[in-house]
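Enquirer: Sequence and computational prediction follow.
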Amino acid sequence: MKISLLVALACAIAVLLVTAGCTQTAQPPLTPTPVPTTVPTTLPTTVMTPVITTLIPLPTATAPAVSLPRSIKDTQLLFTISAPVGYAGTTIRATTSDRNILYKTTIFNPAPGNPNWTIYDNSGNYTELSDSLTIFSYSASLSVDQDIRNFIRGSGAVFNESAVRYNGITYTRFDAESDPYSGKPGKTVIFVANKASANEKGYLPVMIYTMTADGTLSQATYENMVKSFRYFTGRTIGNAAGEETDRPPFYQ
């Protein structure tokens with residue numbers, strides 16, 4: 001009796017399991033999730049904007065002129081010139097390849113730090129020096145004035161040429177954008193006197209100044225210095241007011 005009951009229960013359980021398996025809802029197959037595609041980021045192209053460089057004029061180019069109370073003279077070369085307070089003059093004998101005599105006078109501020117090697121450079125070549133005016137005195141026995149003009153015109157420097165006349169001396173004026181002698185940048189102004197304007201000893205002046213970046217002297221001051229240059233005769237130079245230029249004996 002007990003065995004028959006156990007068999008019946010086993011059969012019933014088997015039927016239930018089979019029925020549950022047959023009625024189970026079929027699950028749909030899993031769809032794989034697509035891997036996201038990485039899209040490369042395109043960096044924006046950098047467009048270089050050209051920067052327009054404008055040359056800024058030196059403040060001293062437009063600054064007003066300072067007074068020129070100091071008078072400097074060179075008795076041997078028969079000239080005087082006016083200069084700012086504290087300025088002095090030095091004259092040396094310079095070498096030249098031509099058959100003439102050449103002196104170089106530097107009108108400068110003898111403040112500490114000025115490079116004296118420039119003042120005492122007797123090569124006969126122009127070397128710019130801040131806040132100074134250089135005067136070359138050439139003997140006019142040859143066509144030295146025309147040679148200097150031709151040199152400047154053929155130097156490659158960009159310049160404007162004009163004629164001016166101060167105190168009876170006629171000059172050819174060159175306003176150059178760079179130094180015609182060295183090629184260095186910096187407005188350089190050159191006054192070449194005509195041979196007919198030489199003094200009674202036969203010397204004619206060539207005056208040069210350069211507007212340097214570290215200079216403090218205004219262009220208007222330089223111009224007034226040039227305009228103040230004048231020649232005297234051998235008889236009248238002694239009465240002219242002015243402090244004599246220094247003449248180192250080893251450069252005469």
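Expert: Done, it's in.

Enquirer: can I get the CA coordinates of stretch 87-101 in PDB?
Expert: The C-alpha atoms that make up stretch 87-101 are tabulated as PDB, following Å, rounded to 0.1, in the frame of the first residue of the first chain:
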ATOM      1  CA  TYR A  87      79.900 119.900 -24.900                       C
ATOM      2  CA  ALA A  88      83.500 120.000 -26.000                       C
ATOM      3  CA  GLY A  89      85.500 119.500 -29.200                       C
ATOM      4  CA  THR A  90      88.500 117.300 -30.100                       C
ATOM      5  CA  THR A  91      90.500 117.700 -33.400                       C
ATOM      6  CA  ILE A  92      92.900 115.000 -34.700                       C
ATOM      7  CA  ARG A  93      94.800 114.500 -37.900                       C
ATOM      8  CA  ALA A  94      93.300 111.700 -39.900                       C
ATOM      9  CA  THR A  95      94.700 109.600 -42.600                       C
ATOM     10  CA  THR A  96      93.500 109.700 -46.200                       C
ATOM     11  CA  SER A  97      94.300 107.800 -49.300                       C
ATOM     12  CA  ASP A  98      94.100 110.900 -51.400                       C
ATOM     13  CA  ARG A  99      96.700 113.600 -51.800                       C
ATOM     14  CA  ASN A 100      95.100 116.000 -49.400                       C
ATOM     15  CA  ILE A 101      95.100 116.800 -45.700                       C
END
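
Enquirer: Could I get the average pLDDT for it?
Expert: The predicted model assigns stretch 87-101 a mean pLDDT of 86.

Enquirer: and that stretch, how far from the chain's centre?
Expert: Distance of stretch 87-101 from the chain centroid (CA atoms, centre = their mean, to the nearest Å) equals 28 Å.

Enquirer: Next secondary structure after the helix or strand Thr105 falls within?
Expert: In the assignment (DSSP states H and E), Thr105 maps to strand 102-108. Sequence order places helix 116-119 as the next helix or strand after strand 102-108, per DSSP H and E.

Enquirer: Return the set of buried residues in that following helix.
Expert: Ile119 (16 or more other CB atoms under 10 Å). Glycine gets a C-beta too; all of them are placed from N, C-alpha and C.

Enquirer: outside of stretch 236-251, which residues touch it?
Expert: 70-76, 78, 80, 88-93, 105, 120, 122, 232 (CB atoms under 8 Å, 6 or more residues apart in numbering).

Enquirer: coming back round to it: quick one: strands adjacent to the strand holding Thr105?
Expert: In the sheet, strand 102-108 lines up against strand 88-94 (antiparallel), strand 133-139 (antiparallel) (DSSP bridges).

Enquirer: Just say which of those is most tucked in.
Expert: Mean neighbour count (mean count of other CB atoms under 10 Å) peaks for strand 133-139 among the strands paired with strand 102-108, with a mean of 24.

Enquirer: Let's have the strands paired with strand 102-108 in a markdown table, adding distance to Arg173.
Expert: Listed next are the strands paired with strand 102-108 as a markdown table, based on distance: least, CB to CB, whole Å:
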| stretch | distance to Arg173 |
| --- | --- |
| strand 88-94 | 22 |
| strand 133-139 | 14 |
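
Enquirer: closest one to Asn224 among those strands?
Expert: Between Asn224 and the strands paired with strand 102-108, the tightest spacing by CB to CB is seen for strand 133-139, at 10.7 Å.
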